[in-house]
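Q: Provided below for reference: sequence and predicted model.
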Amino acid sequence: MEQKEKMKQLPLGVKDYVRLRERNYYFVDKTEYISIMENTSDFLFFTRPRRFGKSLFVSMLKEYYDIHAQDRYEKEFKDTWIYNNPTPERGQYQIMFFNFSRIDVDFNKLEQIFNDYCCSVIEDFADEYAEYYSEGVISRMKKTDSAIQKLNVLTMEAERKRYKLYMIVDEYDNFTNSILATKGKTEFEDITHGTGFYRALLKVFKDTATRSLLIGVSPVTLDDLSSGANNYTNITAREDFNMALGFSQDEVETMIRYYQEQGKITRSVESIIEEIKPWYDNYCFAEEKYGVDPMIFNSDMVLYYMGILIQTGKSPKEMLDSNTRTDYEKMKQLINLDRWDGNRKGKLEEIMEKGYIYAKIKSSFPAERIVNPDIFPSLLYYYGMLTIGGVEDDQVKLVIPNRNVQIQYFEYLLEMQQEEYDLDTESLEKSLRKAAIEGEWHPLLEYLAQQYKEGTSIRDSSAGEKGIQLYMTAYLSLSRLFIMQPEVEMNHGYCDIFLLGDTFHYQRVKHSYIIELKYLKTDATDAEAERQWQEAVEQVKRYGASENVQKLTAATNLHLIILQMKGAELLRLEEIS
């Protein structure tokens, strides 16, 4: 009797390709991109947001090209695309691999730490490929304490003997971005400009490697290292690499069906996709492929969800993986939220208010321009906080991809508002719970309006309608019992705030809300206030009658609320039948 194949494990956190293949982990085949990369350029630069599978992809490249891995080729690549379509360069290279996320960011000793790490990598390389190098070369290499000198000694012999060297740097910008965020531009430029030690190492790569790949999150560091990234072909936004990382919906569905066949999932493919799509999907990285390629799922987030579903039979209580908190902190550091100028703040407020912004994606920019408001949307794009959601003439519509990212924006917004108002968020969460479960909404909104008045009475009250909307959005986003959707299109209009009760994850939730915010200047007349109110009544009725809204809120009681402010004063707060 034929023995049944052992079920493949989910590769949660697995970054080693050999381990993934040898230990029978589930593998989403991206090997066709090996061929595309090989035919593109010898020196490549590639970025993607965090948690899209970059390190595993790099590990796959190492195994494919390593001259020492030739005898493992069938074992490691059988049943993949590249196995049936091998390239001429397979198994032809000595691989020198650096992972700069391993470098401890201690600026006072950074050069020494960097040098020591690179020395370790180079000596390991010499041990791995010792049979190719003479004893004299190995001896001279080991006598020097300089990583660049070690590299020079080895690569000179490699050049003489015409060895093929493939130099790969994963997380190339990890420690430099940390320096930029925590220390500043001057310290950053000390290591990336002129005779800076990082720049010097990269020059040796370019001068001696047969092939080289730099992979990371943003192009900031490379622009400074190589004077505009002219030495490397940037494939980040090329249409043929749009889907090189992350998962397509077809790939996710295939994974779900596999675990259904293994008896680990009983829910339908359709119901799972419907649940995870708003949270993890909707990325696009090439303008030409928007509307052509399927949108892309964040692969790590899908694996996080699948891991819990397979283990418990249920969806995660928190659809947001707690590890994204680390991403949030790194992003917060880099954009320096506590010291930004008004123009950048305005850009962020526009994104949070609308859910999108029109901009040009900058393929390259130096660190000194990182505070430029026109660069800011591009920085958010590279970090996965925005993605391509349309193209209009020479501008791209950059959108918030999904709820996963949207929640991080709400956290930014809440921090900003808390600096001004410092409300008791624990009490607010309790009030939001009552609104979601019991339909008790009036005390909550009345309290927020009162706190807004008290806060603005001692601060600048000129923010107007936009200021009130950002304030309300920040505090109403506190509860996970609601799915917060600002500026949702409803019957050819946009409501200000849509609080959709999340009945899928929380069975006790029974209520949803459309909240229309109206603002009057302090000198507005009673007649103007009444006219505005009647317009608002017509608006919320139209929104509530929307077929889309009716479908979304079918499992809840929908409340249509108007909150009218005159300056910082609450003028009227009512539910419309």
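A: Received the coordinates, thanks. Numbers count the residues shown, from 1 in each chain.

Q: Tell me where the stretch 251-400 of the chain has strands.
A: Using DSSP state E, counting those that start in this stretch, the strands of the stretch 251-400 of the chain run over 356-359, 387-392, 395-399.

Q: could you dump those to JSON lines with mean pLDDT and mean neighbour count?
A: Backbone N, C-alpha and C define where each C-beta goes, glycine included. Listed next are those as JSON lines, based on pLDDT from 0 to 100; neighbours: other Cβ atoms under 10 Å:
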{"stretch": "strand 356-359", "mean pLDDT": "93", "mean neighbour count": "19"}
{"stretch": "strand 387-392", "mean pLDDT": "93", "mean neighbour count": "17"}
{"stretch": "strand 395-399", "mean pLDDT": "94", "mean neighbour count": "19"}
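
Q: Go ahead and confirm Ala529 touches Met565.
A: No: if you go by Cβ atoms under 8 Å, Ala529 and Met565 don't touch, sitting 10.3 Å apart.

Q: So for those two, which sits in the more crowded spot?
A: Neighbours were counted for Ala529 and for Met565 using other Cβ atoms under 10 Å; Met565 has more, 22 against 16.

Q: What pLDDT is listed against Arg51?
A: Per-residue pLDDT puts Arg51 at 89.

Q: how much space between the most centrally placed residue in the chain and Glu253?
A: Nearest to the mean C-alpha position of the chain, counting by Cα atoms, centre = their mean, stands Gly384 at 3.1 Å. Per Cβ to Cβ, to the nearest Å, Gly384 is found 23 Å from Glu253.

Q: One more: Asp526?
A: With distances taken as Cβ to Cβ, Asp526 is found 58 Å from Glu253.

Q: Ok, Gln507 next?
A: Using Cβ to Cβ, Gln507 is found at 27 Å from Glu253.

Q: now the strands of the stretch 251-400 of the chain in TSV, with distance to Met156?
A: Output for those, formatted as TSV (distance: least, Cβ to Cβ, whole Å):
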stretch	distance to Met156
strand 356-359	46
strand 387-392	45
strand 395-399	46
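
Q: Out of these, which gets nearest to Ser120?
A: With Cβ to Cβ, the closest approach to Ser120 among the strands of the stretch 251-400 of the chain belongs to strand 387-392: 37.1 Å.

Q: and the nearest residue to Lys150 once chain neighbours are set aside, how many neighbours?
A: Spatially, and ignoring its direct neighbours in sequence, Lys150 is nearest to Ile122 (4.5 Å; Cβ to Cβ, 6 or more residues apart in numbering). Ile122 has 22 neighbouring residues, counting by other Cβ under 10 Å.

Q: Pull up the gap between Ile122 and Leu154, please.
A: Computed as Cβ to Cβ, the Ile122 to Leu154 distance reads 7 Å.

Q: between the strands of the stretch 251-400 of the chain, which one is nearest to Val105?
A: Nearest to Val105, of all the strands of the stretch 251-400 of the chain, is strand 387-392, at 28.3 Å by Cβ to Cβ.

Q: by how many degrees do the closest one and strand 395-399 diverge?
A: Interaxial angle of strand 387-392 relative to strand 395-399 (axes from the mean of the first three to the mean of the last three Cα atoms, to 10 degrees): 150 degrees.

Q: Give me the domain ranges for this structure.
A: If you go by automatic domain parsing, the domain ranges for the chain are 17-236, 249-312, 324-399, 429-576.

Q: Just the terminal-to-terminal distance for the shortest one.
A: This points to domain 249-312. End-to-end distance of domain 249-312 (Cα to Cα, to the nearest Å): 23 Å.

Q: thinking again about what came up before, just checking, the residue nearest to Lys150 touches Ser146?
A: No: assessed by Cβ under 8 Å, Ile122 is found out of contact with Ser146, at 10.1 Å.

Q: what are the ranges of the helices in the stretch 351-500 of the chain?
A: Residue ranges of the helices in the stretch 351-500 of the chain, as given by DSSP state H, counting those that start in this stretch, are 376-382, 403-421, 425-437, 442-456, 464-476.

Q: And the stretch 101-250 of the chain, by the same measure?
A: If DSSP H, counting those that start in this stretch is used as the criterion, the helices of the stretch 101-250 of the chain fall at 110-128, 135-143, 147-160, 174-182, 185-192, 197-208, 220-225, 249-261.

Q: any weak-confidence spans in the stretch 401-550 of the chain?
A: Along the stretch 401-550 of the chain, the model assigns pLDDT under 70 to residues 457-463, 486-489, 491-492.

Q: Neighbours of Thr210, how many?
A: Using other Cβ under 10 Å, the number of residues around Thr210 comes to 18.

Q: So Thr87 lies in a helix, does it not?
A: No: secondary structure of Thr87 (DSSP: H, G, I helix; E, B strand; the rest coil): coil, not part of a helix.

Q: Residue numbering should commence at 25 henceforth.
A: With 25 as the first residue, the last one maps to Thr111.

Q: With Pro340 as the reference, measure out to it.
A: Applying Cβ to Cβ to Thr111 and Pro340 gives a distance of 40 Å.

Q: In this structure Leu372 contacts Gln432, no?
A: No: using Cβ under 8 Å, Leu372 is not in contact with Gln432, being 11.6 Å away.

Q: correct me, but Leu68 touches Thr257?
A: Yes: using Cβ under 8 Å, Leu68 is in contact with Thr257, at 5.6 Å.

Q: Compare the two (neighbour count), which wins?
A: When neighbours are counted by other Cβ under 10 Å, Leu68 and Thr257 differ, and Leu68 comes out ahead with 20 against 15.

Q: in a helix, that's where that one is, yeah?
A: No: counting by three-state DSSP, one finds Leu68 to be strand, located in no helix.

Q: which residues touch it?
A: By Cβ atoms under 8 Å, 6 or more residues apart in numbering, the residues touching Leu68 are 61, 235-238, 256-257, 259.

Q: likewise Gln419?
A: 382-384.

Q: burial count for Gly463?
A: Number of residues near Gly463 (other Cβ under 10 Å) recorded here: 17.

Q: ok, Gln493 touching Glu374?
A: No: between Gln493 and Glu374 there is no contact under Cβ under 8 Å: 11.7 Å.

Q: still on that earlier bit, anything in contact with each of Ala553 and Met589?
A: Joint contacts of Ala553 and Met589 (Cβ under 8 Å, 6+ apart) are 544, 595.

Q: ok, back up a step: Pro425 is in contact with the residue nearest to the centre of the chain, correct?
A: Yes: using Cβ under 8 Å, Gly408 is in contact with Pro425, at 7.1 Å.

Q: Against Lys227, how distant is Ser170?
A: 14 Å.

Q: just Arg291 next, same as before
A: When distance is defined by Cβ to Cβ, Arg291 is 54 Å away from Lys227.

Q: likewise Tyr117?
A: Per Cβ to Cβ, Tyr117 is found 20 Å from Lys227.

Q: between those two, which one's more packed in?
A: Using other Cβ under 10 Å as the criterion, Tyr117 and Lys227 rank with Tyr117 on top: 24 against 14.

Q: Can you read off the pLDDT for the more buried one?
A: Note for Tyr117: predicted pLDDT of 98.

Q: what residues are up against the residue nearest to Lys174?
A: By Cβ under 8 Å, 6+ apart, the neighbours of Ile146 are 120, 165, 171, 174-175, 178.

Q: which among those residues gets closest to Ile91?
A: Taking Cβ to Cβ as the measure, Ile91 lies nearest Met120 of the contacts of Ile146, at 12.2 Å.

Q: is it true that that closest one touches Val193?
A: No: using Cβ under 8 Å, Met120 is not in contact with Val193; the gap is 9.4 Å.

Q: quick one: which of those two has more around it?
A: Taking neighbours as other Cβ under 10 Å, Met120 and Val193 compare with Met120 leading, 27 against 22.

Q: how much space between Tyr314 and Asn306?
A: Tyr314 sits at a distance of 11 Å from Asn306 (criterion: Cβ to Cβ).

Q: Name all residues that sit in contact with those two at the same time.
A: Shared contacts of Tyr314 and Asn306, defined by Cβ under 8 Å, 6+ apart, comprise Gly413.
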